[in-house]
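Asks: Have a look at this prediction, sequence included:
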Amino acid sequence: MKKTYKCEVDCANCAAKMEDAIKKLEGVVDARVNFMTQKLTLEAADDVYDKVLKDAVKACKKVEPDCEIEI
């Protein structure tokens, strides 16, 4: 499953760090955090997608605590 979410990120460097952190999570097929469009694209297997999404949000919050992802 592949979905895109609105993601408020403050800088391109933070977006790159978030993307790297999400890609390291178990179950992630691919992830993109785009600073210019303020979007997060997450791809993972259907059966683990909800858990992966929750873990991805946690990973983003570690990089940038005030990051908002609209789910």
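Replies: Looks like it came in fine.

Asks: Okay, and Leu42 sits in which element?
Replies: If you go by DSSP states H and E, Leu42 is part of strand 39-44.

Asks: what does the lowest-mean-pLDDT helix or strand in the chain contact?
Replies: The weakest-scoring helix or strand in the chain, judged by mean pLDDT, DSSP states H and E, is strand 68-70 (a mean of 94). Outside of strand 68-70, the residues within contact range by C-beta atoms under 8 Å, 6 or more residues apart in numbering are 5-8, 40, 57, 60. Every residue, glycine included, has its C-beta placed from N, CA and C.

Asks: Out of those, list just those in helices.
Replies: Among the contacts of strand 68-70, the members found in helices (DSSP state H) are 57, 60.

Asks: show me what contacts Thr41?
Replies: Thr41 touches 2-5, 30-32, 34, counting by C-beta under 8 Å, 6+ apart.

Asks: and these, which are buried?
Replies: 5, 31-32 (16 or more other C-beta atoms under 10 Å).

Asks: Strands along the chain, start to end?
Replies: 2-8, 28-34, 39-44, 68-70 (DSSP state E).

Asks: Now the shortest one: buried residues?
Replies: It stands for strand 68-70. Buried residues in strand 68-70 (16+ other C-beta under 10 Å): Ile69.

Asks: Just name the closest of the buried ones among the contacts of Thr41 to Asp66, please.
Replies: Tyr5 (16.3 Å; C-beta to C-beta).
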